[in-house]
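Enquirer: coords below, sequence missing:
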């Protein structure tokens, strides 16, 4: 009751606003500092902007400067066909472009765009990533091959091991398959796991002896490679698979930025990113002072919006 009386007696100081309206008030107050024209128009329909940007992207493919973009889009389309997905690349790119309006992409967008459009950096980076993959595959194949030669040198035939799993796994690794089963991993735990209880004692003794003289070390190395070191390989593999996608996103983001500058508009999806620039290293009272606000008390109703 007392709060209501205070509001009624000082109604000019009482304000109701949406959180988006308040954010826009802050952004306009700091327009010069963040490089935005203070007379901009707020664009709520990001879908229309995205469609226009995709159109511009396709129209510019024939230009000399867009050779790399054409390569990215070609590989992107080929990958979709190989995966039996929709051949409508325009729809695929439009769906992909929605990521541009998400904060996870926006916070790294400037840095990513700069690197992706630095042709020399991109070439050196991709060469390095491919080298990581090739070196790992070569090391796994060589280690598996060395282990097979060690077994052959000491007369260890496939039948000495349960279900011939030792040789089958090593041959599979040598042929480029980077997966191993739990049974193979147990071989490195103890030599008794390398043979059955019914195996001849002479063969058991031979396996135990070889186990202590090189076999265990080889098995430990293989298991470490395909269970721990493979993380770096997988990272390189994912980067190579998605670098085209990231490149398309980057060029699409450039098109959107170009359009908003030409039309003097700001997308509502950019609000949070601009607010972060304003708030960073700034004191709250200074922000309120610049926006011309003096707030003693505030209440946020239904505070469930991600903003």
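Expert: Here it is on my side, so go on. Quick caveat, the model's predicted, so the values are computed rather than measured.

Enquirer: how about low-confidence regions in the chain?
Expert: 32-35, 38, 87, 278, 281-295, 300-307 (pLDDT under 70).

Enquirer: Helices of that one, residue ranges please.
Expert: Assigned by DSSP state H, the chain shows helices spanning 2-9, 19-29, 46-59, 67-82, 89-97, 103-116, 119-153, 165-174, 182-187, 201-210, 216-224, 230-263, 271-279, 284-291.

Enquirer: can you put those in CSV and add distance to residue 299?
Expert: (Each C-beta comes from the backbone N, C-alpha and C, glycine too.) Formatted as CSV, these follow (distance: least, C-beta to C-beta, whole Å):
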stretch, distance to residue 299
helix 2-9, 10
helix 19-29, 12
helix 46-59, 30
helix 67-82, 48
helix 89-97, 38
helix 103-116, 26
helix 119-153, 50
helix 165-174, 64
helix 182-187, 58
helix 201-210, 76
helix 216-224, 58
helix 230-263, 34
helix 271-279, 20
helix 284-291, 16
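
Enquirer: just so I know, which of those helices lies nearest residue 195?
Expert: helix 201-210 (5.5 Å; C-beta to C-beta).

Enquirer: In that closest one, which residues are buried?
Expert: Buried residues in helix 201-210, counted by 16 or more other C-beta atoms under 10 Å: 203, 204, 206, 207, 208, 210.

Enquirer: quick revisit: hey, which of the helices of the chain is tucked in deepest?
Expert: Highest mean neighbour count among these (mean count of other C-beta atoms under 10 Å): helix 165-174, with a mean of 19.

Enquirer: got the contact list for it?
Expert: 140-141, 143-145, 147-148, 151, 156, 158, 160-161, 179-181, 183-184, 187, 194, 222, 226 (C-beta atoms under 8 Å, 6 or more residues apart in numbering).

Enquirer: With stretch 186-193 instead?
Expert: The contact list for stretch 186-193, computed with C-beta under 8 Å, 6+ apart, reads 166, 194, 207, 208, 211, 212, 216, 219, 220, 223.

Enquirer: before we move on, back to that, so which of the helices of the chain gets nearest residue 39?
Expert: Residue 39 lies closest to helix 19-29 among the helices of the chain, at 8.9 Å (C-beta to C-beta).

Enquirer: What is the closest one packed up against?
Expert: Packing partners of helix 19-29 (3 or more C-beta pairs under 8 Å, 6 or more residues apart in numbering; DSSP states H and E): helix 271-279, helix 284-291.

Enquirer: Find out how far it is from the centre of the chain, if you would.
Expert: Offset of helix 19-29 from its chain centre (C-alpha atoms, centre = their mean, to the nearest Å): 31 Å.

Enquirer: can you check stretch 111-124 too?
Expert: A distance of 16 Å separates the centroid of the chain from that of stretch 111-124, by C-alpha atoms, centre = their mean.

Enquirer: Span of that stretch from start to end?
Expert: End-to-end distance for stretch 111-124, by C-alpha to C-alpha, to the nearest Å: 17 Å.

Enquirer: How about the contacts made by residue 225?
Expert: Applying C-beta under 8 Å, 6+ apart to residue 225 gives the contacts 136, 139, 140, 143.

Enquirer: I'd like a version of the buried residues of helix 201-210 in TSV, one that adds distance to residue 104 as further columns.
Expert: TSV is the format used below for the buried residues of helix 201-210 (distance: C-beta to C-beta, whole Å):
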residue	distance to residue 104
203	57
204	56
206	57
207	52
208	54
210	52
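
Enquirer: And those, which is closest to residue 53?
Expert: Nearest to residue 53 among those is residue 210, at 64.1 Å by C-beta to C-beta.

Enquirer: My read is that the closest one contacts residue 152, right?
Expert: No. Using C-beta atoms under 8 Å, residue 210 is not in contact with residue 152; the gap is 11.4 Å.

Enquirer: a markdown table for the contacts of residue 225, including distance to residue 251?
Expert: Output for those, formatted as a markdown table (distance: C-beta to C-beta, whole Å):
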| residue | distance to residue 251 |
| --- | --- |
| 136 | 31 |
| 139 | 36 |
| 140 | 36 |
| 143 | 42 |
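
Enquirer: Which two of these have the greatest separation?
Expert: Pairwise over the contacts of residue 225, using C-beta to C-beta, the maximum falls at 136 and 143, 10.8 Å.

Enquirer: How much space separates residue 159 from residue 202?
Expert: Separation of residue 159 from residue 202 (C-beta to C-beta, to the nearest Å) stands at 14 Å.

Enquirer: residue contacts, residue 137?
Expert: Contacts for residue 137 (C-beta under 8 Å, 6+ apart) come out as 176, 178, 233.

Enquirer: mind checking how far it is from residue 260?
Expert: As judged by C-beta to C-beta, residue 137 and residue 260 stand 45 Å apart.

Enquirer: swap in residue 138?
Expert: Applying C-beta to C-beta, the value for residue 138 to residue 260 is 48 Å.
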